[in-house]
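Undergrad: pasted the sequence and its predicted model underneath.
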Amino acid sequence: MRANTFTRLWSIGTGRFGLIVVALVALLAAVSLVWTPFDPKDVDVAARWTGPGWPHLLGTDGTGRDMLTQLMTGARTAVFVAVGSAIIATVIGVVLACLGSLTPRLVREGVATFIDILIAFPVLIIAMMISSVWGGSLWVVVIAVGIGFGVNIARVTRPELRRVLASDFVLAARASGLTPGQVVVRHLLPNVAPVFIVQLSWSMGVALLAEAGLSYLGLGASVGEPSWGLLLSETQQYILVHPLAVVWPGLMISISVLALNLLGDALREATDPTLSRRRRVPRGARNAPSQPGSTVIA
Amino acid sequence: MTRFLLTRVALLIAGPLVASILIFLALRVFPGDVAQLIAGSKGTPAQVAQLREQLGLNEPLWTQYVDWIGGVFRGDLGTSLLTGSSVTEQLAEKAQVTVPLALMSMLVALLVGVPFGVLSALGRGKRSGSAISFIAQALASVPVIWAGMLLVIVFALWLQWLPAQGFPRGGWNHTPQAFASLVLPALTIGVVEGAVLLRFVRSATLQAMTEDYVRTAAAQGLTRTRALLRDGLPNVAISIISILGLQFAGIVVGAVVVEKLFNLPGIGRMLVTDVGNRDLPMVQGEMLTLTVVVLVIGVVMDVVHRLIDPRLREAS
């Protein structure tokens, strides 16, 4: 089943692109742990703002740090933020979705309304709340995106969970003596997993955008931490003089986010049985509105 | 229908209340002393005690909340710790930049999203359609700050058509300059949000193309495109109304980042500054305002959608 999904994903062009880019970013992050072209802390004042060339393949920034090295170590932060927020979003999403579908009616509806209210809090506002109390850090980004997308996931998963709950095989499982907990773990979660994974892929893309936005506002990565968002904000004041330096970090973020978004789209296509037989599906259905995109964060 | 309206009205009342409680608690329930935190490590015990008194921290949490929310109902959001100015007045002043910016951004998003969304649906399976889709997907993946920087490089640095930063000191007394200084920021938010909108318009249009009424119109001798434009588009317009509520949230968030990038004296930049200064009453008031605006617009769009779409009206 797993291998099957992967093969299908690979057969979709955008899915392949997504997989390759995500793997490359992860690889870049891993390699940066043992090797980078230059020492990340190496400040070469004589070589400030050099253009792309040798030995600085992508040039240097305003303090003479090697751009390629910065991008490689920044990939580590990107992986941390994406994976960290995905974990938190999963926990919050599962808990809220279960509370909103498996509990008595009054609790259930209450949770659903609560989810509707929480949706009105954009990730950025959540992040600002957290950082106005604890100050800014990468954890703020991880937690804020985790909460924001957890709620989002819960909203999408809840009706799905209700649907599965009403199906005959759940009834059969209950009748055969499984406890509610066992039903959730064995039948409900595996059945909503595809919806979940797709949302997670998109949430990772949003996490990277959030990191850039929040680090820019001074609520994310602190000075000295390797981060694409911070790199972008550090070069901002020089855009009129050295426009090229702004291009690299922005390009890294955009391509990674694009890859995660396309991966999410392709995952949806590969895992949703109603979408897999393309010819038989009405033309519009395959293109139903997809990811919330930048609605959640700048 | 009645049930739908009732739940929306309930949401409209409960939403802001719950939001206010969440904001209030989030800014208070944490380890340590807020007064100490605000005074910083150099704050003398006397200063901290005075601050506690000023913030009303000696009162029970419940009384503090009621005091604050009571003030909110009277239109008094509180007083800044640093400048002593009224939060409400500050918000009203900064809204003169943020509201026009949000409206202009929405306009740009609609101008980008709607025509190109329809075009990309019409060109489905053709090169033009997939090109538009791909560009939209790529644009939706761009960080707003980066989009802004690239626009500055092109329009302010190379072409020198528009100012790179700032807002005229006299505000709207210098209307042309004020307007010009909002063009690039609005383009920045509008293009990125428009790319997101485009995807929704595209799928709504594709949906409309499969509907029977379009087929009927086509059977009556109209071309598919003309049938779609005549009978399909009103349906597309209706179905994107509720999306616009979501888009508005995106625009508000975009404004926070973009106001800093373009150095505009709006609500977003004020919020960032106040968060940095830990000016609690300001942060509290500004966040409540933003969240309530987002919440209310979302619900209103949802209701409008329900009211003008006869199919939904019958369904419920």
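TA: Received, thanks.
Undergrad: so who does the residue nearest the centre of chain B touch?
TA: Most central in chain B under C-alpha atoms, centre = their mean is B:V252, positioned 2.5 Å from the mean C-alpha point. Counting by C-beta atoms under 8 Å, 6 or more residues apart in numbering or on different chains, B:V252 makes contact with A:P122, B:A102, B:G268, B:L290, B:V293, B:V294. (C-beta placed from N, C-alpha, C; glycine too.)
Undergrad: what's the pLDDT at the third one?
TA: In the predicted model, B:G268 carries a pLDDT score of 89.
Undergrad: spit out the contact partners of the closest residue to it other than its chain neighbours.
TA: Setting aside the residues directly before and after it, B:G268 is nearest to B:V256 in space (C-beta to C-beta, 6 or more residues apart in numbering or on different chains), at 3.5 Å. Neighbouring residues of B:V256 by C-beta under 8 Å, 6+ apart: A:L124, A:L217, A:A298, B:G268, B:R269, B:L271, B:V272.
Undergrad: just among those residues, which is most surrounded?
TA: A:A298 (33 neighbours; other C-beta atoms under 10 Å in any protein chain shown).
Undergrad: quick one: low-confidence ranges for chain B?
TA: Along chain B, segments meeting pLDDT under 70 span B:1, B:29-34, B:37-38, B:41, B:312-316.
Undergrad: so what's the residue count around residue 209?
TA: No chain in the question, so chain A it is. Neighbours of A:L209 (other C-beta under 10 Å): 30.
Undergrad: not quite, I wanted chain B
TA: 22.
Undergrad: so it versus A:G15, what's the distance?
TA: As judged by C-beta to C-beta, to the nearest Å, B:M209 and A:G15 stand 25 Å apart.
Undergrad: nearest spatial neighbour of whichever residue of the stretch 101-250 of chain A sits closest to chain B, skipping sequence neighbours?
TA: Minimum separation of the stretch 101-250 of chain A from chain B (C-beta to the nearest C-beta) falls at A:G250, amounting to 3.5 Å. The spatial neighbour of A:G250 that comes closest, neighbours along the chain excluded (C-beta to C-beta, 6+ apart), is B:W146 at 3.5 Å.
Undergrad: CA atoms only: put the host helix or strand of the one you found into CSV for me.
TA: B:W146 is located in helix B:144-151, with elements delineated by DSSP states H and E. Coordinates of each C-alpha in helix B:144-151 appear next as CSV, following Å, rounded to 0.1, in the frame of the first residue of the first chain:
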residue,chain,number,x,y,z
VAL,B,144,5.5,38.4,0.8
ILE,B,145,8.7,40.1,1.9
TRP,B,146,10.6,38.8,-1.1
ALA,B,147,7.8,39.7,-3.5
GLY,B,148,8.0,43.2,-2.1
MET,B,149,11.7,43.4,-2.4
LEU,B,150,11.6,42.3,-6.0
LEU,B,151,9.0,44.9,-6.9
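Undergrad: mind giving me the packing neighbours of the helix or strand that that helix is followed by?
TA: Once the chain leaves helix B:144-151, the next helix or strand it forms, by DSSP H and E, is helix B:175-209. Where contact means 3 or more C-beta pairs under 8 Å, 6 or more residues apart in numbering or on different chains; DSSP states H and E, helix B:175-209 is packed against helix B:87-122, helix B:127-139, helix B:144-151, helix B:233-261.
Undergrad: the helix or strand hosting the residue of the stretch 101-250 of chain A closest to chain B - contacts with which helices or strands?
TA: A:G250 belongs to helix A:243-271 when assigned by DSSP H and E. Packing partners of helix A:243-271 (3+ C-beta pairs under 8 Å, 6+ apart): helix A:2-11, helix A:13-34, helix A:67-102, helix A:189-216, helix A:228-236, helix A:273-276, helix B:127-139, helix B:144-151.
Undergrad: hey, C-alpha coordinates of the fifth one in PDB?
TA: Below are the C-alpha coordinates for helix A:228-236, written out as PDB (Å, rounded to 0.1, in the frame of the first residue of the first chain):
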ATOM      1  CA  TRP A 228      16.800  32.000   5.100                       C
ATOM      2  CA  GLY A 229      14.200  34.400   6.500                       C
ATOM      3  CA  LEU A 230      16.800  36.200   8.500                       C
ATOM      4  CA  LEU A 231      19.200  36.300   5.600                       C
ATOM      5  CA  LEU A 232      16.400  37.900   3.500                       C
ATOM      6  CA  SER A 233      15.800  40.600   6.200                       C
ATOM      7  CA  GLU A 234      19.500  41.300   6.700                       C
ATOM      8  CA  THR A 235      20.000  41.900   3.000                       C
ATOM      9  CA  GLN A 236      16.900  44.000   2.700                       C
END
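Undergrad: the contacts of B:V252, buried ones only, as a ChimeraX selection?
TA: Command for ChimeraX, covering only those of the contacts of B:V252 found buried under the criterion 16 or more other C-beta atoms under 10 Å in any protein chain shown:
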select /A:122 /B:102,268,290,293,294
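Undergrad: just send the contacts of B:V252 back as a markdown table, with distance to B:G232 too.
TA: Compiled in a markdown table, these are given as follows (distance: C-beta to C-beta, whole Å):
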| residue | distance to B:G232 |
| --- | --- |
| A:P122 | 32 |
| B:A102 | 29 |
| B:G268 | 37 |
| B:L290 | 36 |
| B:V293 | 32 |
| B:V294 | 30 |
